[in-house]
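*Asks:* what shape does this take:
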Amino acid sequence: MKHLMIFAVGPVQDFIATARRSRDLWYGSWMLSELSKAAAAQFPPEALIFPSPTGPQALKPGSDFNVPNKIVAILDHNPSSTGEEIRSAILKRLGELWEDAHGKIEGKIKEKLAKDQITDLPEFYWVSVSYDDAAGGSYAKARATAEALLAARKTTRDFKQAIGDHSPKSSLDGARESVIEESEYPRPGAAERVERAKKLYRNYHARQGERLSAVDLLKRLGGGQHVEKFKSTSHMAALPFLKKLGPERTKALMADLRALFDKPDWKDMNIGETDDGALLFESRLVEGIPSGPEQDALRKEFNQVLEKHLKTDRPDPYYALLAADGDNMGVVIDAQADAAKHRALSQAMSRFAAEVQGIVERNNGVPIYSGGDDVLAYLPLHTVLNCAAELEQAFKKHLPEKDFSAQKNGETVSPTLSIGIVIAHHLEPLADVLELAREAEKEAKKVDPIKKNGLAVTLRKRGGADRTVSGQWGILDARLETLIRVYSTKAISAGTAYELQELHRVLSKAGVPANGQAKEAVRIVKRKKKSGGEVKVKQKTLDAFEQWIAKDILPLDELSKEMIIAGMFAGASGTGESKEEEVAQ
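*Replies:* Numbering: from 1, shown residues only. You can find the predicted model right below:
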């Protein structure tokens, strides 16, 4: 008799989403993978179905192998004691991670409250279903039963004693109490406020407005050597600008910016690495310094340095967060008739996940998580579309239709990748940007309810409404690339998109059909060119616009949104190298 065991480790989405900094977001994902890894390591490799480790070292603590929060394994014995063994392994690993973070805290904290918060953090659910394959027992049926039981267990609440001591709530999740004494924080108007702000950051890596729980401190201080390469969202926003600036000018600029802190009052402040693009944003530079004469003086010196090196030029404060998820994975997994086929699917997903880091880093981005069919990363605007395209192709390469397919509503479907991208201001709350990325990912999956394989891009600009465009791979991305080349040739101005948007509003209200709107739109594009430019709009470009509007029936407001978003990408690329003959190819 065999036993199919499924166990899940949490919390997942809420825990990951309560992040103020990119480092917090990364650590939440990494820590959950480490806990799942500790759980999976309790089984011999041959017992694991999902995930399928790439080698004997894959499940070692701190390895690069990412383990999803749900594990599937087959045991030859009754797993009644296995659940408790796994729970102990998870708590042991969590304790090690907390000790690592705790050792970096140089100030006092509320130790009992901190210990209670850490111990209370993990969630753990497991189910087991027995079946006899020798007697014709169905693996697929046993797995379906186990999945249903697990879903039922997750909806059953555990009632625990409330933890707390009436301290101010965490600034990140608003639920747990801060474990840092209020006496550690700068007081308004106090003469020692600057010294207190420096000490607060030095002791807890907390800014003056942040109240942190033990879980927050775990995210903020844990991770060891894995954190060294981690860059901020501000750095991602500045990367296209630094690329255009060139290495020599960047080096000179950064040296002068860092020199602002070469004085006794500021030497303890953490201002990132020598090439950290966050230094180019005034808001980031002074965020750890209390308002007052000291901050005012620093702002003045900062702007003098920028004027010296950049005149009036400044970096665009926007970056991209990418969220990707496999399509139709549920039905494809259900179609795997036995454990061997399910394991083969798991191995293919592991090969894809192993390739993700290289793809993201090759495009100047930072991978936050890549496990199975799930990817989260943040990137600069000038490379995110290329990164998304590489991920989509890599997924198809590792999970081809000839090896993995299933029937859904009478159609054959295969694993594909839908991707959501959010363009957001580097100061936008990270939890909000993550939520937008997940929503964009869902929009991408709606482009074809059966086969999916979509791309969606959401632009959130400060002071304006969100704009989202979506379409299938091979269509939307090709149109965006064409529009980027149009902007790069300086053939049309940025105002054209807004004029088409207004045209759609007026003509739609007047009942003008799509072909009539198309003719007027093409007329507008013909007479448009970028202010000060000398490039005329070529016929291929006009043909492309007419194709999209009249033949593809792309509404003008959709086209205008795509143009606005493409303008953001083109501005970040800033190459100006495209030839007009390449447009609309």
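*Asks:* switch to C-alpha atoms for all contacts and neighbour counts from now on
*Replies:* OK.
*Asks:* which residues in the stretch 201-350 of the chain form strands?
*Replies:* Counting by DSSP state E, counting those that start in this stretch, the stretch 201-350 of the chain has strands at residues 318-327.
*Asks:* so, low pLDDT: which residues of it?
*Replies:* Applying pLDDT under 70 to the stretch 201-350 of the chain picks out residues 224-229, 263-275, 286-288, 290.
*Asks:* what count of nearby residues applies to residue 492?
*Replies:* 23 (other Cα atoms under 10 Å).
*Asks:* what mean pLDDT does stretch 57-66 have?
*Replies:* Average pLDDT, stretch 57-66: 90.
*Asks:* pretty sure residue 129 sits in a strand.
*Replies:* Yes - using DSSP: H, G, I helix; E, B strand; the rest coil, the assignment for residue 129 is a strand.
*Asks:* for the chain, longest helix please?
*Replies:* The longest helix of the chain (DSSP state H) is helix 339-362.
*Asks:* check the offset of the helix or strand following that one from the chain's centre.
*Replies:* Going down the chain from helix 339-362, the next helix or strand is strand 366-371, by DSSP states H and E. In terms of Cα atoms, centre = their mean, to the nearest Å, the centre of strand 366-371 is found 8 Å from the chain centre.
*Asks:* which residues are contacting stretch 431-450?
*Replies:* Here stretch 431-450 makes contact (Cα atoms under 8 Å, 6 or more residues apart in numbering) with 17-20, 321-325, 327, 408-409, 411, 413, 418-422, 424, 452-458, 468, 470-472.
*Asks:* repeat the analysis, applying 7 Å as the threshold.
*Replies:* For stretch 431-450, the external contacting residues (Cα atoms under 7 Å, 6 or more residues apart in numbering) are 17-20, 321-324, 418-422, 424, 452-458, 470-472.
*Asks:* those in strands, which ones?
*Replies:* Members of these lying in strands (criterion: DSSP state E): 321-324, 418-422, 424, 454-458, 470-472.
*Asks:* domains for the chain, by residue range?
*Replies:* Domain segmentation of the chain under automatic domain parsing yields 1-230, 233-310, 317-474, 482-585.
*Asks:* tell me the most buried of the ones you listed?
*Replies:* Ranked by mean neighbour count under mean count of other Cα atoms under 10 Å, those are led by domain 317-474, which reaches a mean of 20.
*Asks:* where does pLDDT dip in the stretch 1-150 of the chain?
*Replies:* 13-14, 133-137.
*Asks:* for it, which segments are assigned as helices?
*Replies:* Remark: helices assigned in the stretch 1-150 of the chain by DSSP state H, counting those that start in this stretch are 13-17, 22-40, 82-102, 111-120, 139-154.
*Asks:* what is the longest one packed up against?
*Replies:* Spelled out, that is helix 82-102. Under the contact criterion of 3 or more Cα pairs under 7 Å, 6 or more residues apart in numbering; DSSP states H and E, helix 82-102 touches helix 22-40, helix 214-221.
*Asks:* and residue 301, which of those helices is closest to it?
*Replies:* Closest approach to residue 301 among the helices and strands packed on helix 82-102 (Cα to Cα): helix 22-40, 27.7 Å.
*Asks:* the longest helix of the chain to helix 139-154, inter-axis angle?
*Replies:* Angle, helix 339-362 to helix 139-154, by axes from the mean of the first three to the mean of the last three Cα atoms, to 10 degrees: 60 degrees.
*Asks:* what is helix 339-362 packed up against?
*Replies:* Applying 3+ Cα pairs under 7 Å, 6+ apart, we find helix 339-362 packed against strand 48-50, strand 366-371, helix 384-398.
*Asks:* least reliable of those going by mean pLDDT?
*Replies:* If the helices and strands packed on helix 339-362 are sorted by mean pLDDT, strand 366-371 sits at the bottom with a mean of 90.
*Asks:* that one pairs with which strands, parallel or anti?
*Replies:* The pairing partners recorded for strand 366-371 under DSSP bridges are strand 374-379 (antiparallel).
*Asks:* for the partner strand, the distance to its chain's centre please.
*Replies:* 4 Å.
*Asks:* and what of stretch 37-48?
*Replies:* 28 Å.
*Asks:* kindly report the same for stretch 540-557.
*Replies:* Put simply, stretch 540-557 sits 32 Å off its chain's centre (Cα atoms, centre = their mean).
*Asks:* ends of it, how far apart?
*Replies:* 22 Å (Cα to Cα, to the nearest Å).
*Asks:* same question for stretch 179-186.
*Replies:* 16 Å.
*Asks:* so what touches that stretch?
*Replies:* Stretch 179-186 is contacted by residues 109-110, 113-114, 193, 196-197, 200, 208, 212-214 when judged by Cα under 7 Å, 6+ apart.
*Asks:* and stretch 397-413, by the same measure?
*Replies:* By Cα under 7 Å, 6+ apart, the list of residues contacting stretch 397-413 from outside reads 331-332, 335, 348, 351-352, 414-415, 451.
*Asks:* let's see it as PDB, backbone CA atoms only.
*Replies:* Coordinates of each C-alpha in stretch 397-413 appear next as PDB, following Å, rounded to 0.1, in the frame of the first residue of the first chain:
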ATOM      1  CA  LYS A 397      10.800  25.200 -24.700                       C
ATOM      2  CA  HIS A 398      10.900  23.300 -21.400                       C
ATOM      3  CA  LEU A 399       7.200  22.300 -21.400                       C
ATOM      4  CA  PRO A 400       6.400  21.600 -25.100                       C
ATOM      5  CA  GLU A 401       2.900  20.600 -26.300                       C
ATOM      6  CA  LYS A 402       4.200  17.300 -27.700                       C
ATOM      7  CA  ASP A 403       5.100  16.100 -24.100                       C
ATOM      8  CA  PHE A 404       2.500  17.800 -22.000                       C
ATOM      9  CA  SER A 405      -1.000  18.500 -23.100                       C
ATOM     10  CA  ALA A 406      -4.600  18.000 -21.900                       C
ATOM     11  CA  GLN A 407      -8.200  18.400 -23.000                       C
ATOM     12  CA  LYS A 408     -10.200  21.400 -21.800                       C
ATOM     13  CA  ASN A 409     -13.700  22.100 -23.000                       C
ATOM     14  CA  GLY A 410     -13.100  19.900 -26.000                       C
ATOM     15  CA  GLU A 411      -9.900  21.700 -27.000                       C
ATOM     16  CA  THR A 412      -6.300  20.500 -26.700                       C
ATOM     17  CA  VAL A 413      -4.400  22.800 -24.400                       C
END
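*Asks:* residue 236 contacts residue 379, correct?
*Replies:* Yes - between residue 236 and residue 379 a contact is recorded at 5.9 Å, counting by Cα atoms under 7 Å.
*Asks:* overlap in contacts of those two?
*Replies:* Counting by Cα under 7 Å, 6+ apart, the residues touching both residue 236 and residue 379 are residue 319.
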